[in-house]
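1. Generate a structure from the sequence data that follows.
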Amino acid sequence: MNDQFIQKVNIDWDKIDDSNYLRNIPAIKSLNSLELSNPVTFFVGENGSGKSTLLEAIAVAYGFNPEGGTKNYNFSTYDSHSKLCDALLLVKGYRKANWGYFLRAESFYNVATMEEEYEEYLSDRYHEKSHGESFLAMLQKQMKSNGLYIFDEPEAALSPQRQLTLLVEINRCAKQGAQFIIATHSPILLGLPDAEILSFDDGAIHPCEYEETDSYQVTEMFINNREQLLKRLL
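-> Next up, the predicted model:
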């Protein structure tokens, strides 16, 4: 039984102009609906494949601020999100999320700044920590049981060790009823057992195994054949 907060994503293409760039992204233009039945769903694919575009649209359609934060955040420093959110219909489950958070690595600085304004006396003063420390601290603060979490490249500021810490936190929350939708290039995060991996490569969104992802294959190739690979590249 699918008991996720967001069970399915449908796209009404009549709401998107024929000239819109979204119709030129292979994985997006071929999509009419997408089922999300797993507590943890990873979006993977090459840069420009559309994974962040869809992830962002899902977050905004659900009610999150386009630049990130909780559903209580309402600010804009740069309007960069696509119109895809206006064409999405989210099929929601019977459960209601107790909490939620949308993380965009590229706008983390703006969200951290706004938190100090919204929660002056409760803020964790993220700007007083290193980038990686503040990144992980914010994620750990926001992640709770029975919550909905949409993360775009959460590994961006994290060392491999911190990525393992985040993996443990995701696993813990998922087992406590949380749902995660994550776009990532991290072979560490993608290794989470029982997660569903959806690839945006090859022209259509499709399930793939961990070992089939470019993140895994390129990392394995570099580690196991570093000298030969560097000679060929350099």
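2. which regions of this protein sit below the pLDDT cut-off?
-> Scanning the chain for pLDDT under 70 picks out 1, 72-82, 106-132.
3. which stretches of it form helices?
-> 26-29, 51-62, 84-87, 108-118, 131-142, 160-175, 214-224, 226-233 (DSSP state H).
4. Tell me which of the ones you listed is the most buried.
-> The highest average neighbour count among those, using mean count of other C-beta atoms under 10 Å, belongs to helix 51-62 at a mean of 23. The way it works is simple: take the backbone N, C-alpha and C, and place the C-beta from them, glycine included.
5. circling back to that earlier point, may I see the helices of the chain arranged in CSV, with distance to residue 99 as well?
-> As requested, those are exported to CSV (distance: least, C-beta to C-beta, whole Å):
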stretch, distance to residue 99
helix 26-29, 29
helix 51-62, 13
helix 84-87, 21
helix 108-118, 15
helix 131-142, 7
helix 160-175, 10
helix 214-224, 29
helix 226-233, 43
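6. And residue 196, how far from residue 148?
-> Going from residue 196 to residue 148 by C-beta to C-beta, to the nearest Å gives 16 Å.
7. repeat for residue 191
-> From residue 191 to residue 148 the distance is 22 Å (C-beta to C-beta).
8. Looking at those two, which is more packed in?
-> Neighbour tally, residue 191 and residue 148, criterion other C-beta atoms under 10 Å: the higher count belongs to residue 148, 25 against 15.
9. does that one really touch residue 179, like I thought?
-> Yes. The pair residue 148 / residue 179 is scored as a contact, 5.2 Å apart, by C-beta atoms under 8 Å.
10. Common neighbours of these two, please.
-> 5-6, 97 (C-beta atoms under 8 Å, 6 or more residues apart in numbering).
11. Dump those to JSON lines, plus neighbour count.
-> Output for the shared contacts of residue 148 and residue 179, formatted as JSON lines (neighbours: other C-beta atoms under 10 Å):
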{"residue": "5", "neighbour count": "23"}
{"residue": "6", "neighbour count": "22"}
{"residue": "97", "neighbour count": "20"}
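12. so which of those residues comes closest to residue 206?
-> Nearest to residue 206 among those: residue 6, at 19.3 Å, using C-beta to C-beta.
13. Thanks a lot, catch you later.
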